[in-house]
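A.B. asks: This is a predicted model, with the sequence first.
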Amino acid sequence: MKAEHLKGHLDSLILGTLGAGPAHGYAVIEELKRRSAGAFDLAEGTVYPVLHRLEAEGLLASAWTTASGRKRRVYRLTRRGRTALDGSRREWQAFAHAVEAVLA
Amino acid sequence: MSYAGELRDELARTGIRGAHAERIVAEFEDHLACDPEAQLGAPREVAERFASELRVVRTRRATVGAFLALALCGVVFLVVVATHGRAGGSPWSALAAIACAQIALVAGLLALMRGLRARSAGDLRVAQRRAIVALLAGAGVALGLAGVGAYAGLVALPGLVLAARVLRRAAAITPDGEARGLEADLPFPRVTLTLLGASVTGVVLLQGVLGEKSVQEGLIRAGVEGVGLTLGVLLLGRPLALRTSRAR
C-alpha cells in the first residue's frame, strides 16, 4: 500500500491497535502488520514519534515494564484516547460508505 | 558508534535531551532486541521526526501554560491594586507594574492566538517569542508590585518560572522559519491595533477625569498611555511579530 494512503490515518490506526489492549512499540507495529495482512508494513522508526505525540496529547498513557531483563515502554489508551478512537471509527465508516456508494 | 549512541547524539542536536532522550533510546534498543534486523531509519531522520511530531503539542502546552501563569499574575495584580491603595514605594515601580501588566496581557493573548493554531516552525517560533515577552512582562509586574511594598505580587513568580521552563522545552526543538505577522491572527490588524490603542487611551482619559475630578490629570495620563503604547508597538513590534519576518 502506498505511504500517502496512510497519511492522516496513522493516528487512528495506532489508537485502533491499542484499542485491543496495552502494547509496546514493536508489538504495535507487528499488530498493525498482522491485522492489515501485511498491507500496513510501516517504516518502523515512524511509529515511535507518533506514539510520543499521542501521549503528549493525552490520548495514550505509558509506563515502564521489564521484559527479559530489558526496560520496555508499554502504551495504553486513555479515556480521551478511547473517545477519539470511537470518533475516528464513526468518521471512517461514514467515509467508507460514501466512497463505496460512489465507486460501486 | 552504536545505533543507540548515534541516536542519542542526534536527539541532543534537535533539542531532545535528558530523560526523554534516554526513554527514546531505551525503546529503540528494546525494538532492536525484539528484531535485530529492524530498519528503524537513520538516527538523524528519526530524531528530526520526533522533534517535528512534538513541537506543535509542546508549543500549544507552553502557550496555554504561560497564559494561565499570567492569569494568576493578573489576579494578584488586581487584588493588590484593590487592596494596596496609595501606599508608599517608588512611583517608577508602580509605573513599571502598570506598563508590564498591559504588555503581558497583549503578548499573552497574541501568544495564545498563534500557539493554538500554528503548525509551521516559523509560526511556532512566533508563539514562543510572544510567550517569552509575556512571561518577562509578568515578572516585571510581580517585581514592580514588590517595589511598591506589595510583596504579595511575588506569589506569581513561581508560576511564571514554571511556564518558562515548559516554554524552553518547546523552543529547544523548534527551528527557525518564515513567520507571518499580525495578519495571521487578526482581521485588519492595523485598524484593530489603532482602535484598541485609542480605546485604551480613552479609558485612561475617562478614569483620570472622573477618578481625579481633573481634566488636566486625565489628559496627562492619557498622553502618557498614548506615548507608552506607541513606544510599545515600536519596541516590541519585532519580538511580537506584528509584521511578517523570519522568526528567530
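C.D. replies: Good, I have the coordinates.

A.B. asks: Around chain A, pick out the residues from chain B.
C.D. replies: Listed as neighbours of chain A in chain B under the rule C-beta under 8 Å from any C-beta of the partner chain: B:23-24, B:26-31, B:33-35, B:38-41, B:45-46, B:49-50, B:52-54, B:57-58, B:61. All C-beta spots, glycine's among them, are computed from the backbone N, C-alpha and C.

A.B. asks: Quick check: longest helix in chain B by residues?
C.D. replies: Criterion DSSP state H: the longest helix present in chain B is helix B:43-84.

A.B. asks: Could you look up the SS state of B:Thr192?
C.D. replies: Three-state assignment for B:Thr192 (DSSP: H, G, I helix; E, B strand; the rest coil): helix.

A.B. asks: tell me the mean pLDDT over the longest helix of chain B?
C.D. replies: Helix B:43-84 shows an average pLDDT of 92 in the prediction.

A.B. asks: So which other helices or strands are in contact with it?
C.D. replies: Helices and strands touching helix B:43-84, by 3 or more C-beta pairs under 8 Å, 6 or more residues apart in numbering or on different chains; DSSP states H and E, are helix A:44-56, helix B:3-14, helix B:91-115, helix B:121-147, helix B:157-172.

A.B. asks: Which of those sits closest to A:Arg80?
C.D. replies: Nearest of the helices and strands packed on helix B:43-84 to A:Arg80, taken as C-beta to C-beta: helix A:44-56 at 10.1 Å.

A.B. asks: quick check, distance from the closest one to the centre of its chain.
C.D. replies: Centroid displacement of helix A:44-56 relative to its chain, using C-alpha atoms, centre = their mean, to the nearest Å, is 10 Å.

A.B. asks: how far off helix B:3-14 does that helix point, in degrees?
C.D. replies: 50 degrees (axes from the mean of the first three to the mean of the last three C-alpha atoms, to 10 degrees).

A.B. asks: counting contacts, what elements does helix A:44-56 pack onto?
C.D. replies: For helix A:44-56, the packing partners by 3+ C-beta pairs under 8 Å, 6+ apart come out as helix A:10-19, helix A:25-35, strand A:60-67, helix B:18-34, helix B:43-84.

A.B. asks: Looking at the helices and strands packed on helix B:43-84, spot the one closest to B:Ala69.
C.D. replies: Among the helices and strands packed on helix B:43-84, helix B:157-172 comes nearest to B:Ala69, with 3.9 Å by C-beta to C-beta.

A.B. asks: can you pull the buried residues of the helix or strand following the closest one?
C.D. replies: Elements were assigned by DSSP states H and E; along the chain past helix B:157-172, the next helix or strand is strand B:177-179. Buried positions in strand B:177-179, judged by neighbour count with 16 or more other C-beta atoms under 10 Å in any protein chain shown: B:Ala179.

A.B. asks: go on, stretch B:224-243?
C.D. replies: B:224-226, B:228-229, B:232, B:236, B:239-242.

A.B. asks: and chain A, which residues reach chain B?
C.D. replies: Counting by C-beta under 8 Å from any C-beta, chain A comes close to chain B at A:24-26, A:43-46, A:48-50, A:52-53, A:56-57, A:67-68, A:70-73.

A.B. asks: Just the buried residues from the residues you listed, in PyMOL please.
C.D. replies: Entered in PyMOL, the line below selects the buried ones among the residues of chain A next to chain B, by 16+ other C-beta under 10 Å:
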select buried, chain A and resi 24+25+26+44+45+46+48+49+50+52+53+56+57+72+73
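
A.B. asks: who's in contact with the closest residue to chain B within chain A?
C.D. replies: Proximity of chain A to chain B (C-beta to the nearest C-beta) peaks at A:Gly45, 3.4 Å away. A:Gly45 makes contact with B:39-41, B:45-46, B:49, according to C-beta atoms under 8 Å, 6 or more residues apart in numbering or on different chains.

A.B. asks: And B:Cys34, by the same measure?
C.D. replies: By C-beta under 8 Å, 6+ apart, the residues touching B:Cys34 are A:Tyr26.

A.B. asks: Tell me, what's the model's pLDDT at it?
C.D. replies: Reported pLDDT for B:Cys34: 92.

A.B. asks: any idea how far stretch A:97-104 is from the chain center?
C.D. replies: On C-alpha atoms, centre = their mean, the centre of stretch A:97-104 falls 25 Å from that of its chain.

A.B. asks: Restrict it to CA atoms and write it as CSV.
C.D. replies: Provided in CSV are the C-alpha atoms of stretch A:97-104 (Å, rounded to 0.1, in the frame of the first residue of the first chain):
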residue,chain,number,x,y,z
HIS,A,97,-19.8,4.0,2.9
ALA,A,98,-19.8,7.2,0.9
VAL,A,99,-16.8,6.1,-1.2
GLU,A,100,-18.2,2.7,-1.7
ALA,A,101,-21.6,4.2,-2.8
VAL,A,102,-19.8,6.2,-5.5
LEU,A,103,-17.3,3.6,-6.7
ALA,A,104,-19.6,0.5,-6.6
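
A.B. asks: Report the mean confidence score over it.
C.D. replies: Averaging pLDDT along stretch A:97-104 gives 91.

A.B. asks: remind me which residues of chain B are low pLDDT?
C.D. replies: Along chain B, segments meeting pLDDT under 70 span B:85-88, B:243-248.
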